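# The following block contains a protein sequence and its predicted model.
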Amino acid sequence: MGLRQAPVHLHCSSQLMAQVTNSCRVLDVGSGGRRLAPHVMTTDVVTRAGVDVVADACKGLPFDSATFDLVVCTSVLEHVSSEQKALAELIRVVKPGGKLWIEVPFIYNFHVSAAGDTHDYRRWTQEGCKQLLPGHKLLDHGQNVGPATALRLIASEVLALPLYRERHQGAYYVGRCLLGWLLYPLSWLDKACMRSVMSHRVAGGFWLLWEKV
């Protein structure tokens, strides 16, 4: 059994669930096997439990245009080969006046998984992610990962680096995991940090809610 990583608290969970609950037809792109609610359709690039449709947004989603009231896409755009192709496809399947919920990283360590997200290409500042969907209406936005959690993630990575050896990588991964737990109390400072108007400069990531025009 592998070591369990210290959790990353998302500060937008209640806002996301409010959108999901109030929308009839919902698509979760890159769901990773989660199901936000019973009525949510899930897609991912690989077959796994909880995935209804296997599809790659960059190559086209197997849904008619203007099908969904809400499309959710969290922690996906940094992993796709072309975020513009993926975004164009997400917008295509949303109804006019429908909504698109996006979450993207900023100050966040490089991350991949063995199941699907085998690449990690990009990050966005607050100003950058506001430009993701020109021509459509940005309804709201905020931080999904706070500055103190970003510090904890980066510090765990940096402090574990001296342990890395090409032929013996286990010490690095174990050390990074243990440091994540040791430094976990830093994350308790997130809410205090996020009260500052400057906190977006060191946020872990952002969420954005768009309306299709």
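Received, thanks. None of the values given here were measured: they were computed from a predicted structure.

# Leaving out chain neighbours, which residue sits closest to the spatially most central residue of the chain?
The chain has residue 75 as the residue nearest its centroid, 2.1 Å off, counting by Cα atoms, centre = their mean. Setting aside the residues directly before and after it, residue 75 is nearest to residue 103 in space (Cβ to Cβ, 6 or more residues apart in numbering), at 5.9 Å. C-beta here means a position set from N, CA and C on the backbone, and glycine is covered the same way.

# Show me what the helix or strand hosting residue 150 packs onto, helices and strands only.
Using DSSP states H and E, residue 150 maps to helix 147-160. Counting contacts by 3 or more Cβ pairs under 8 Å, 6 or more residues apart in numbering; DSSP states H and E, helix 147-160 packs against helix 170-182, helix 190-194.

# Run through who's touching the shortest one.
This means helix 190-194. 9, 11, 143, 146, 147, 148, 149, 199, 203 (Cβ atoms under 8 Å, 6 or more residues apart in numbering).

# Also stretch 4-18?
36-37, 72, 74, 101, 103, 140, 142-146, 149, 152-153, 177, 180-181, 183-184, 187, 190-191, 194, 204, 207, 209.

# So what would you say the end-to-end distance of that stretch is?
29 Å (Cα to Cα, to the nearest Å).

# before we move on, what about stretch 138-153?
Termini of stretch 138-153 sit 29 Å apart (Cα to Cα).

# same deal with stretch 183-196?
Per Cα to Cα, stretch 183-196 runs 22 Å from first to last residue.

# picking that back up, kindly reformat the helices and strands packed on helix 147-160 as TSV and extend each row with mean neighbour count and distance to residue 95.
What follows is the helices and strands packed on helix 147-160, written out as TSV (neighbours: other Cβ atoms under 10 Å; distance: least, Cβ to Cβ, whole Å):
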stretch	mean neighbour count	distance to residue 95
helix 170-182	16	41
helix 190-194	16	33
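
# any idea how far residue 4 is from residue 171?
Going from residue 4 to residue 171 by Cβ to Cβ, to the nearest Å gives 18 Å.
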